[in-house]
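Trainee: Predicted model and sequence follow; I will ask about them next.
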Amino acid sequence: MFAVIKTGGKQYRVVPDDVLEVGKIEGEVGSIVQLNEVLVVGGDTPVLGVPTVAGASVAVEVLDHKRGPKVIAFKKRRRKNSRRKRGYRDEITVLRVSEILTDGAKPTKGPRPKKEKVAKEAAE
């Protein structure tokens, strides 16, 4: 089963356990967030939304909030001694799709437990 969701003005085709980077959305790291703008739910019988599928949502786990790569906007007007340099970095949220829900269902899966780091034992 797959779904096409819309967030941040972009559309993404997702399946469960996909990891994707989207524009920043609200949510604590490790929490489950529901995305309600589902355009298509695919599978054995695909359902197309007009414009969205009623009662469908995608439950995602927030993995991280970070900043994207630096983008430099440099403008130069030749022979006029005019230059302008600006840069920015997008705010990004990393998500893992936990499940695709239909008919107004609530998420059944909670956030995955964090892996504990194994302390390296000093060799004697």
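Mentor: Nice, thanks for sending it over.

Trainee: Walking through this protein, point out its strands one by one.
Mentor: Ranges of strands within the chain are 2-7, 10-14, 19-23, 32-35, 38-42, 47-48, 57-77, 82-101, based on DSSP state E.

Trainee: give the contact list for the closest residue to Val38 other than its chain neighbours.
Mentor: Excluding the flanking residues, the one nearest Val38 by CB to CB, 6 or more residues apart in numbering is Ala56, at 4.1 Å. C-betas here are computed from N, CA, C, even on glycine. By CB atoms under 8 Å, 6 or more residues apart in numbering, Ala56 lies in contact with Ala3, Asn36, Val38, Val41, Val47, Gly49, Ile100, Leu101, Thr102, Asp103.

Trainee: Could you dump the strands of the chain into TSV and include mean pLDDT?
Mentor: Shown next, in TSV, are the strands of the chain (pLDDT from 0 to 100):
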stretch	mean pLDDT
strand 2-7	95
strand 10-14	96
strand 19-23	96
strand 32-35	93
strand 38-42	94
strand 47-48	92
strand 57-77	96
strand 82-101	96
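
Trainee: And the pLDDT at Asp103?
Mentor: Predicted confidence (pLDDT) for Asp103: 87.

Trainee: Quick one: neighbours of the residue nearest to it when sequence neighbours are not counted, just the number.
Mentor: Distances taken as CB to CB, 6+ apart place Gly55 nearest to Asp103, at 5.0 Å, with adjacent residues excluded. Gly55 has 13 neighbouring residues, counting by other CB atoms under 10 Å.

Trainee: And the residue nearest to Val38, its phi and psi?
Mentor: Dihedral angles of Ala56 (phi, psi; degrees, to the nearest 10) stand at phi -100, psi 150.

Trainee: For Arg77, see how far away it is.
Mentor: 51 Å (CB to CB, to the nearest Å).

Trainee: what does Leu20 give?
Mentor: Separation of Leu20 from Arg77 (CB to CB): 39 Å.

Trainee: what's the answer for Val97, then?
Mentor: For Val97, the distance to Arg77 - CB to CB - is 46 Å.
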